[in-house]
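Peer 1: Give me a 3D structure for the following:
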Amino acid sequence: QLLGEVLQRYAGVVPAADGGRFRDHVAWLQGRDGAASEAFWRNRTAELEQPTRIATASGQPDIDQGHGALELAFDERETALLVRFARQSQVTLNTLVQAAWLLLLHRRTGQKAVAAGVTVSGRPAELPGIEKQIGLFINTLPLVGTPHPAQTVSEWLTDLQTSNLEMREHEHTPLADIQRWSGHGGEMLFDSLLVFENYPLSDTLGRGETGGLCFGAPQNHELTSVPLTLLMGAGKQLTLTFSHWRDRIGDEEIRRFAAQTRRLLLALVEDAGRRLGEIGLLDEEGWRSFAGWNATRDETLTDGPLVPELISEQAGLHGGRPAVSFGGRTLSYAELEVQANRLAHRLRALGVGPEVTVGVAAE
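Peer 2: Have a look, this model is predicted:
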């Protein structure tokens, strides 16, 4: 908006004064129901058991200081596929990217509910001329999601789109207040931020009369106070720029994040009826690498006693001592050994033997 008005004046055209006044926005803010916003955000953050910190769950940070950036670009065919799927699912492309990122946070942190920061325009639609006002109205809010393995892709996207729509009624709420109401001591609820750029600067500079000015390709240098920022640009090609603090998340880990985000996004659009639990972070090459690593590791397990033997040995040495305690109940080493053997016999009765893989579901 600002650049457009500057270019108009450069070309000898006086911009139309059809925007509102900032004082109208201040008055609108003062008229909001603070109690309703507090109740909304307390309820929305209640399911978040702890802040979501992808930097803590990632690998070792780099020794180098400063910021790094990695751009992930989808070609025109892939972008068209993503846009078409989003339209068919009646969600925005922004929501589709959010769905993939929250799913990645869920897998990487192991948390039931996860949160990422999202930026909103902060311009209420009911204020006349708000889109023409010069000024920074944006706000950052926590987007909380609870992806469940049994959910279909369609259900997950619908839940997220509904959440985004509900947030619009309370998007003016200061982030500091939301964090204070969340019950986490006012600490930051997330360390990753999603920013959707839907007003490309290059389109602005190339549109209309410029008074003879010529512009090259614009370069964007954007740094935030969050360790990881995903900047989304949607044109003929969808681009995701991962901007990160190297002392919190290393370059190698960012490359993994980018590859996994790409994998999840393309997997989501394969089938709207597919369950989230069927979508993995690894592609075929990743699985081959993992299988090779696992085969190598198996060779080292033949030396020395096995884990069950070590546990049995401890049970024999310290049978009466407490081994585990949870929910007011304590098991001794001997009791734990008895229960483990009982489970082993049950598995054997079901046909489990050497080289048979058994899946374990646990919090």
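Peer 1: Tell me, how many residues neighbour Asn43?
Peer 2: Asn43: 10 surrounding residues under other CB atoms under 10 Å. Heads up, the C-betas are built off the backbone N, CA and C, glycines and all.
Peer 1: That one should be in a helix, yeah?
Peer 2: Yes: judged by DSSP: H, G, I helix; E, B strand; the rest coil, Asn43 forms part of a helix.
Peer 1: Distance-wise, check it relative to Gly183.
Peer 2: As judged by CB to CB, to the nearest Å, Asn43 and Gly183 stand 12 Å apart.
Peer 1: Quote the end-to-end distance of stretch 163-173.
Peer 2: Stretch 163-173 has an end-to-end distance of 15 Å (criterion: CA to CA, to the nearest Å).
Peer 1: residues of that stretch that come out buried?
Peer 2: Applying a neighbour-count criterion of 16 or more other CB atoms under 10 Å, one finds 164, 167, 170-173 buried in stretch 163-173.
Peer 1: who's in contact with that stretch?
Peer 2: With contact meaning CB atoms under 8 Å, 6 or more residues apart in numbering, stretch 163-173 is reached by 29, 32, 36-37, 40-41, 44, 95, 98, 120, 122, 124, 139, 141, 143-145.
Peer 1: From the residues you listed, list just the buried residues.
Peer 2: Among the contacts of stretch 163-173, those buried by neighbour count (16+ other CB under 10 Å) are 37, 40-41, 44, 95, 98, 120, 122, 124, 139, 141, 143-145.
Peer 1: Keep only those of the residues you listed that are in strands.
Peer 2: Counted as lying in strands by DSSP state E, out of the buried ones among the contacts of stretch 163-173, are 120, 139, 141, 143-145.
Peer 1: Sort out which one of these lies nearest Val114 for me.
Peer 2: Gly145 (6.0 Å; CB to CB).
Peer 1: number of nearby residues for the residue lying closest to that closest one once chain neighbours are set aside?
Peer 2: Once flanking residues are discounted, Gly145 sits nearest to Leu102: 4.1 Å by CB to CB, 6 or more residues apart in numbering. Leu102 has 25 neighbours, counted by other CB under 10 Å.
Peer 1: Kindly calculate the angle that the helix or strand Leu102 falls within makes with strand 139-145.
Peer 2: According to DSSP states H and E, Leu102 maps onto helix 93-109. Counting by axes from the mean of the first three to the mean of the last three CA atoms, to 10 degrees, helix 93-109 lies at 60 degrees to strand 139-145.
Peer 1: ok now helix 93-109, how far from the chain's centre?
Peer 2: Taking CA atoms, centre = their mean, to the nearest Å, one finds the center of helix 93-109 at 4 Å from the center of the full chain.
Peer 1: if we can go back for a sec, mind checking pLDDT for the residue nearest to Gly145?
Peer 2: Note on Leu102: pLDDT of 96.
Peer 1: Please apply the same query to Val144.
Peer 2: Predicted confidence (pLDDT) for Val144: 96.
Peer 1: try Val324
Peer 2: We have a pLDDT of 86 for Val324.
Peer 1: Please apply the same query to the one 10 residues further on.
Peer 2: Per-residue confidence (pLDDT) for Ala334: 90.
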